[in-house]
Each structure stands twice: as structure tokens, then as C-alpha cells.
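>>> Predicted model, plus sequence, below.
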Amino acid sequence: AQKVTQAQTEISVVEKEDVTLDCVYETRDTTYYLFWYKQPPSGELVFLIRRNSFDEQNEISGRYSWNFQKSTSSFNFTITASQVVDSAVYFCALSDSSTSGGSNYKLTFGKGTLLTVNP
Amino acid sequence: KAGVTQTPRYLIKTRGQQVTLSCSPISGHRSVSWYQQTPGQGLQFLFEYFSETQRNKGNFPGRFSGRQFSNSRSEMNVSTLELGDSALYLCASSLTGTRINNEQFFGPGTRLTVL
């Protein structure tokens, strides 16, 4: 069955430190999509990135970068030079044909990692 | 373009009551999904609607139901509320929801407290 594990429940860093949030997933499908979402205290989930299972190229967007490794079923997220505004809960999520029923769409989320960046 | 809106933002009910939450998707989006978020269970999928039809349902009891209107707005209803229903209920919209890579846009959520 599909599953997403975010082993780190909480992480606390000092501003300007680099921080990596881990995500490990399980799926039987060869075609699947992985996502990261950010949830600030306001509650709204903000989309950060989507990656399909056929594209293992790492991605960088400003201070954010993602490392996708199918061999270890991991999709880790790194924030470089963290800032106080990065404080939020970060969710990793998986969508595959078993979760979506093949024709529709739902996400399986990890439990989330609470990141606190202290000034 | 306006984002996903959810009303009300906060709600307090007592056990045994019922509640209706509303979600207006992004204009042009036809798929609406609902999620429940609790500290213990995290984010869990409730159901998804597309063109007024429920296409997918999570593992929730029949007390949880929903519907979608012709303008794509969606409501979810919880009857006979229990303390454990206290949660943040998030609505997400996507353009079609027919592809597993279709990005979902989330609303701010409705915080339901059951006393």
C-alpha cells in the first residue's frame, strides 16, 4: 500500500543554517508523483514542487532544492540559508494510480515536519 | 484570479449536531477534494467531486458526506458530530483531477471544534 514517512517530527535551526527535511515513500506503481507542500500558521497548504517518477533530476528553486532518489525511495527537501519566514509545517505527499483509482486524484500525505527557524 | 475560498473559517458545535462546510474552487476548476487534518492522524483524504459526481472516497464513516453543485462549488456535511471530528477541514481544487499529476490548490480551511 502507498505510504509516506516523514521521520522528523520537529526540527529547530538558527537562521542562515541549512536544513534538510526527509521523506521516504512506498508505492507499488512505476508511475507516481511526489509533492512537497508548506503549511504556515495560517493553515493553507502551499504547493512547492511536483516530481514524477520518471524524472530523477534534482531541482533547485532559489534557496530550495529537492533530491529525488528512486533507489532509496526518498524525496528530500533542503532549505539553504534558512530564514524565519521558512518556519512552517512541511508535508511530503504521494499520488499514484492506487491512491487515485486510476482516473481521479487524491494525495497520501506524510505526517509533516514542523520547522522552526529562530532568529 | 481568486484562490480557493472556504466558509466559515471557524465553527464551534456540540456533540450530536450536524455541520455543513462550503468550498468555492478556483474559477474554471472542476475538481474539488476534501481533507481532514488532525494532530493525531495528520492529513487524510475524505472525498473528491468532479462535475457534481463523487469520484473517490476515503475511509471515513457515512456521517461524512458531500456534494458538488453545477458551478463546482462544494459542500461537505458531517452529521451526529463526535468529539473526534474536531479538525481542520481543507478543500482543494484542481483543473480536472483526471491525471495523477494534476496540481491541487488548497483553501485556508475551516477549523471545526466539537464540544
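Received the coordinates, thanks.

>>> so who does the residue nearest the centre of chain B touch?
Among the residues of chain B, residue B:34 comes closest to the average C-alpha position under Cα atoms, centre = their mean, at 3.0 Å. For residue B:34, the contact set (Cβ atoms under 8 Å, 6 or more residues apart in numbering or on different chains) comprises B:23, B:45-48, B:66, B:74, B:76, B:89-92. Every C-beta, even on glycine, is put in place using the N, C-alpha and C of the backbone.

>>> got a pLDDT number for it?
Predicted confidence (pLDDT) for residue B:34: 95.

>>> Over to the one 10 residues further on?
Residue B:44 carries a pLDDT score of 93 in this model.

>>> okay, now it: neighbour count?
For residue B:44, the neighbour count with other Cβ atoms under 10 Å in any protein chain shown is 17.

>>> Confirm it sits in a strand?
Yes: under DSSP: H, G, I helix; E, B strand; the rest coil, residue B:44 sits within a strand.

>>> Now look at whatever helix or strand residue B:67 lives in and say if it contacts chain A.
Using DSSP states H and E, residue B:67 maps to strand B:64-68. No: Strand B:64-68 stays clear of chain A (Cβ under 8 Å from any Cβ of the partner chain), getting no nearer than 12.9 Å.

>>> So which of the contacts of residue B:34 is the closest to chain A?
residue B:45 (4.3 Å; Cβ to the nearest Cβ).

>>> who's in contact with the residue nearest to residue B:14 when sequence neighbours are not counted?
Leaving aside its chain neighbours, residue B:14 sits nearest to residue B:115 (5.1 Å; criterion: Cβ to Cβ, 6 or more residues apart in numbering or on different chains). By Cβ under 8 Å, 6+ apart, the contact list for residue B:115 reads B:12-15, B:83.
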